[in-house]
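In: Can you look at this prediction? I've put the sequence above it.
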Amino acid sequence: MQSIEKFFRKIHVRDLDSQLFFKSFSVFFFSTLTSSLGMIVDGLVIGNTMNVSSVASYGLISPMNYAFALIGSLLNSGTMNMCANALGRNNKQEANSIFSMSFFTSIIISIAFAASIIIFVNPIMTMLRIPVGTELFEQSRGYLIAFVFGLPAITCTKLLASIMQLDSDPKRAVYSVVVITSVNTIGDLVCVKLFNANLVAIAIVTAISYYAGVFVLMLHFLKKNIIFRFVFRKLEWNRLPQILKRGLPKAISRVTSTVSSLYINMVLVEVATAAVAGYSVFNSLRFALNAIVFGVGQAMMFLTSLYYGEENKRALLKICKISFISQLFFTGLSFAIMTFLSEDITVIYLGKNAEAYSFANAAIFWGALGTIFAGINILLADYLQATKRIWPANLVYILENVVYLILAVNLTWNDNPSENVFVGIFLSHVFMTVTIPIFIIIQNRRMIKSPEDLLMMDKNFGVSPEDEFLMMVHNQSEVIEASIQISNFCKKKNVSGRKTYILAMVVEELGTNAVKHGFKEEEENYFSVRIIYKPNILTLILRDNCGYFDPVKRYKFLNDSDPESNIGIRMVMEMAKDVTFSSACKLNNVIIKI
């Protein structure tokens, strides 16, 4: 994660929004990766130690990974969306309640889901097209039963890893991934090399590795000065349907991905067993690609939720632009690397199963190319979800993963069906990307004429540029300059002299405190000042990426015998209608309404 941040620092990612985006991406990348990590490691071990039939059987089981991730995606997406929105309004109590309800619900539902899979395992195996009565059927059945014992941990790791960025502990998500990978890899190799174990033992090790990851993440709650705590009383359970509704697009994404994988496997089974084995290679790679694609999308969705709550149109445009460029960069780079190393990757995954090599190479090329377009489509769906357009977001996944997939595969099916199946998958993503402008026009009910039209917002959303003041402070001289510019801004808006004086003073005082005591020479430090002017109310939003400092708590402990101390904080507290503080994403956030 540190290397990602350093890379973008070298190419001059210097503003707070951009740094926050890439830090968020790092965390959501690892969060998404955790739910698929076991399948990736197991795929490598199985491909190199077992025959092509075992690899094909494992490939037929792989659609279940989307089902395993469904609960975590449903709750995690809705939870992060609503928590970010609550923190954007500095409502920590609401964020805690939402998180706690989601965590407890995830455990209950995942246990129930695991029990259902065990009870109905035989019909599921039939649905997955694994021949009944064979040795592969029994091993695959055993793998599935053993794997689902880890389902509660899989769900919890995804939810817990996601809040690490919100709660200023992003490295813990990385540590969790390292532990899961290490336990799973070492355990799989021990099972295969020393005990000549089958798929069942590999699944047991994978389940254990996820519980090890949960243990690492739970250590976060031993820290002080964190936002999220488990709340057991006065939980507003009537908000749970809202959480589920807000997370519904991600659940639809998982359901439609499961349907598309089943459909592709059904088509490939008609071609050859080796074709299924070859596609399983890209399936394993896709879990890693999805971590990139979904990581960018989740970072954008998190920040969109935060800025949407503030009605910050400028920041929304900026985050959408950064997300789009980043998605193209990461998916384009992944395509180039996978195409260049395609043959090597195939050998690594398939070992001596050479009959599946040609299928794997075709699946990797067309699959990685299609991910570039799929990444753009996911950004649209995540943005719609973050801005509370739930059913349009659902429609994106249904069109791409079901309607366009079936249409494209049938259009490309001819005398060479094996490779054309992969071409059809690629075209399904392209069809959805081409649909995006039409989608935006329908949402806006007008043609696209400006970048702001891409936001699909009502004309009354946010404030006009002349009613907003924004400045980034990097040193003490800029603190003074910000104070002067705030005075000029307030005078233009006919703000009273007393309010103008207090606003300028509090910015100068808190800005000076951040520069003198929080800025570090080896880091890119910022103090962000934003003022929103609306009739009868001024809102001052201060953010910095320095050490933890709560001016609200500081005010409560000020010594009344020294009235000159922290005079800016004293005066603003006495005049303000509302002052709130939160520390999220390693940022101090202060919102003052006067």
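Out: Happy to help now that I have it. Residues are numbered from 1 along each chain as shown.
In: Let's verify residue 532: helix, strand, or coil?
Out: Of the three states, residue 532 takes strand under DSSP: H, G, I helix; E, B strand; the rest coil.
In: Not counting its neighbours along the chain, what's nearest it?
Out: Using C-beta to C-beta, 6 or more residues apart in numbering and skipping residues adjacent in sequence, the residue nearest residue 532 is residue 539, 4.4 Å away. Yep, even glycine has a C-beta here, placed from its N, CA and C like the rest.
In: Give me the mean pLDDT for the helix or strand harbouring residue 511.
Out: Counting by DSSP states H and E, the element that carries residue 511 is helix 497-517. For helix 497-517, the mean pLDDT works out to 82.
In: Please name every helix or strand in contact with it.
Out: strand 468-473, helix 476-492, strand 527-534, strand 537-544, helix 567-575 (3 or more C-beta pairs under 8 Å, 6 or more residues apart in numbering; DSSP states H and E).
In: possible to save the ones you listed as TSV with mean pLDDT, distance to residue 23 and mean neighbour count?
Out: As requested, the helices and strands packed on helix 497-517 are exported to TSV (pLDDT from 0 to 100; distance: least, C-beta to C-beta, whole Å; neighbours: other C-beta atoms under 10 Å):
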stretch	mean pLDDT	distance to residue 23	mean neighbour count
strand 468-473	85	17	19
helix 476-492	89	23	16
strand 527-534	85	15	21
strand 537-544	82	14	20
helix 567-575	62	28	18
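In: Please tabulate those in CSV, including the columns distance to residue 249.
Out: Listed next are these as CSV, based on distance: least, C-beta to C-beta, whole Å:
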stretch, distance to residue 249
strand 468-473, 31
helix 476-492, 39
strand 527-534, 30
strand 537-544, 29
helix 567-575, 40
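In: Nearest to residue 58, out of these?
Out: With C-beta to C-beta as the criterion, residue 58 lies closest to strand 537-544 of those, at 47.3 Å.
In: Give me the sheet partners of the closest one and which way each runs.
Out: The pairing partners recorded for strand 537-544 under DSSP bridges are strand 527-534 (antiparallel), strand 587-593 (antiparallel).
In: By mean pLDDT, point me to the weakest helix or strand of the chain.
Out: None of the helices or strands of the chain scores lower by mean pLDDT, DSSP states H and E than helix 2-10, at a mean of 46.
In: distance between the next helix or strand after that helix and the chain's centre?
Out: Tracing the chain past helix 2-10, the next element assigned as helix or strand by DSSP H and E is helix 16-49. Centre-to-centre, helix 16-49 and its host chain are 10 Å apart (C-alpha atoms, centre = their mean, to the nearest Å).
In: Same question for stretch 366-379.
Out: Computed by C-alpha atoms, centre = their mean, the chain-centroid distance of stretch 366-379 equals 16 Å.
In: pLDDT averaged over that stretch, what's the number?
Out: Averaged over stretch 366-379, pLDDT sits at 94.
In: Same question for stretch 243-262.
Out: The average pLDDT for stretch 243-262 rounds to 81.
In: Stretch 335-352 too?
Out: The model assigns stretch 335-352 a mean pLDDT of 86.
In: got the buried residues for that stretch?
Out: Buried residues in stretch 335-352, counting neighbours by 16 or more other C-beta atoms under 10 Å, are found at 335, 338, 342, 345-347, 349-351.
In: State which helix of the chain is the longest.
Out: Scanning the chain for the longest helix, with DSSP state H as the assignment, gives helix 273-310.
In: what's the spacing between that one and its chain's center?
Out: Helix 273-310 sits 9 Å away from the centroid of its parent chain (C-alpha atoms, centre = their mean).
In: Equivalent analysis for stretch 105-119, please.
Out: Distance, centroid of stretch 105-119 to centroid of chain: 23 Å (C-alpha atoms, centre = their mean).
In: which of the residues in that stretch are buried?
Out: Buried residues in stretch 105-119, counted by 16+ other C-beta under 10 Å: 105-107, 109-110, 113-114, 117.
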